[in-house]
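**Q** Below are the sequence and a predicted model; questions follow.
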Amino acid sequence: MDERLAIVGSGSIACGLSATAARHGGGPVLLLVRSQAAAERARIAIERTLSRLNAEVDPERVRITTEPGALAEATFVVEAVIEDHAVKAGLLAQLDAILDPKAILATTTSSLSIERLAQASGRPAKFLGLHVFNPVTKMRLVELVFPRTAGEDTRRRALALCETFEKTPVEVPDMPGFVVNRLLFPYLFSAVRLLEETGMDPADVDTCMRLGAGHPLGPLALLDLIGLDVAIAIGETIGETIPPRIEQLVADGALGRKRRRGFHVS
């Protein structure tokens, strides 16, 4: 890989991207996290992911830091923090002040406006949406979203990064939810409403869709994987009414698989 890659965040997407980069990239990848506690959690997650993949990769290829200044030499930085425009915009502006003018900034947002984030980044010609899917090490698709200001160099380097990671990039329009989530979430929320109307067991609903429609995961298990708090954020962005059952679960602290409690208990 020609780029000096850095990733910002400590959640499943950031750790999954880091493991993917460690497995496929040429040089070490830098992971910026907020705290030492987050660094320890990220290290464990990356080591577990590489172990599950039976990848003969030294986890130390992912260098974890809590110092933003360590990113100064990075040439391609991927932001993967909470799905909130204000949080992302503030972080992107901070990164812009650190990075070389030729460095590219990307966001893994699954639903927010790329045009707005591009302007907030301070480098609209060197910005893009790089929407990967969880689990990052297994899911092949990357939705690439370019603002109108993106230069040809940005497009070329983004495509090259996807090729390095053995992903399939598809350029999609800058619209709420892009393609996958715009089509997916009405279906997922309809499964929750069915649950509310019928009182069915979540496992039975998931079994129906796995065996009847050939889906690898049922809709309720998929919501748990995505994170119910993230599902609310995406639903609000694309203009879908949030089912009360999801709102209640989140209010109770049941966020899905990351808290081991959602529609299913793991």
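**A** Structure received. Numbers count the residues shown, from 1 in each chain.

**Q** At which residues are the helices of the stretch 151-266 of the chain located?
**A** 152-164, 180-198, 202-213, 219-226, 228-238, 244-251 (DSSP state H, counting those that start in this stretch).

**Q** now swap in the stretch 1-150 of the chain and tell me
**A** Counting by DSSP H, counting those that start in this stretch, the helices of the stretch 1-150 of the chain are 12-24, 36-52, 85-98, 114-121.

**Q** Among those helices, show me which one is buried the most.
**A** helix 12-24 (a mean of 24; mean count of other CB atoms under 10 Å). All C-beta spots, glycine's among them, are computed from the backbone N, C-alpha and C.

**Q** if we look at that helix, which residues are touching it?
**A** Contact with helix 12-24 is made by 1, 5, 7-8, 28-29, 31, 33, 42, 45-46, 49-50, 53, 55, 57-59, 61-62, 78, 80-81, 108, 132, 134-137, 164-166, 258, as judged by CB atoms under 8 Å, 6 or more residues apart in numbering.

**Q** Rebuild the helices of the stretch 1-150 of the chain as TSV, extending it with mean pLDDT.
**A** Below are the helices of the stretch 1-150 of the chain laid out as TSV (pLDDT from 0 to 100):
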stretch	mean pLDDT
helix 12-24	94
helix 36-52	94
helix 85-98	97
helix 114-121	98
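
**Q** Could you dump those helices into a markdown table with distance to Pro173 added?
**A** Listed next are these as a markdown table, based on distance: least, CB to CB, whole Å:
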| stretch | distance to Pro173 |
| --- | --- |
| helix 12-24 | 22 |
| helix 36-52 | 31 |
| helix 85-98 | 18 |
| helix 114-121 | 10 |
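
**Q** Among the ones you listed, which comes closest to Gln248?
**A** helix 12-24 (23.4 Å; CB to CB).

**Q** from the chain's centre, how far out does that closest one sit?
**A** 11 Å (CA atoms, centre = their mean, to the nearest Å).

**Q** cool, and stretch 199-206?
**A** Using CA atoms, centre = their mean, the offset of stretch 199-206 from its chain centre is 27 Å.

**Q** Averaged pLDDT, that stretch. What do you get?
**A** What stretch 199-206 shows for mean pLDDT is 97.

**Q** Extract the CA atoms of that stretch and return them as PDB.
**A** The C-alpha trace of stretch 199-206 is given here as PDB (Å, rounded to 0.1, in the frame of the first residue of the first chain):
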ATOM      1  CA  GLY A 199     -45.800 -10.800  19.800                       C
ATOM      2  CA  MET A 200     -43.600 -13.300  17.900                       C
ATOM      3  CA  ASP A 201     -40.300 -14.400  19.300                       C
ATOM      4  CA  PRO A 202     -37.400 -12.400  17.700                       C
ATOM      5  CA  ALA A 203     -35.600 -15.700  16.900                       C
ATOM      6  CA  ASP A 204     -38.700 -17.000  15.000                       C
ATOM      7  CA  VAL A 205     -38.900 -13.800  12.900                       C
ATOM      8  CA  ASP A 206     -35.200 -14.100  12.100                       C
END
